[in-house]
Structure formats: C-alpha cells, structure tokens
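>>> show me the folded form of this:
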Amino acid sequence: MDLKIFGKIIREKRSTLKLKQDELSQKSGVAIKTIHSIELGKGNPSIKTILRLFDTLELDFIVVASKIKS
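Numbers count the residues shown, from 1 in each chain. Next up, the predicted model:
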C-alpha cells in the first residue's frame, strides 16, 4: 500500500468535512498522533485503525483501494 497516497486521501477527506485532526481523533477513537503520522504517509496503520477512519470519514474501501497501488 502506498502510505503517502493513503495519507493524502485521509487528509483531503478530513479537510472536505472541515474537521481538524483533534476532532477526527475524538470522533474516530484514533489517537491524534496516529492520524498525524498517517496523513504524513508514515507508520503502518492497523486494519482496525483504517476501518475506524473510513467509518468516521464515510470513505468507501473499494474506492480508496482503487486509488492506491500496491
């Protein structure tokens, strides 16, 4: 998974929803440090973390997966 593209998708969707990182953290239950790392394209988020973010940001897994190359 290309973490930089994944991070960009998360950041853009969060911005579209006019959420700050701390607001996304509170709504998703994902630590703000983890969100920050993901948006920078760093770290290796767990499936649980990814699913929490997708649920909170109303992202479709298939759509996101089609944008990310292995």
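>>> just for this structure, where's the confidence low?
Segments of the chain classed as low confidence (criterion: pLDDT under 70) are 1, 69-70.
>>> tell me which stretches of it form strands.
Shown for the chain, no strands are assigned by DSSP state E.
>>> which stretches of it form helices?
Assigned by DSSP state H, the chain shows helices spanning 3-16, 21-28, 32-39, 47-57, 61-67.
>>> pull out the buried positions in the fourth one.
The reference is to helix 47-57. Thr49, Ile50, Arg52, Leu53, Phe54, Thr56, Leu57 (16 or more other Cβ atoms under 10 Å). (Each C-beta comes from the backbone N, C-alpha and C, glycine too.)
>>> centroid-nearest residue for the chain?
Ile10 (3.7 Å; Cα atoms, centre = their mean).
>>> what sits against the closest residue to Lys13 other than its chain neighbours?
Leaving aside its sequence neighbours, Lys13 sits nearest to Leu57 (Cβ to Cβ, 6 or more residues apart in numbering; 4.6 Å). The contact partners of Leu57, taken as Cβ atoms under 8 Å, 6 or more residues apart in numbering, are Ile10, Lys13, Arg14, Leu17, Leu24, Ser28.
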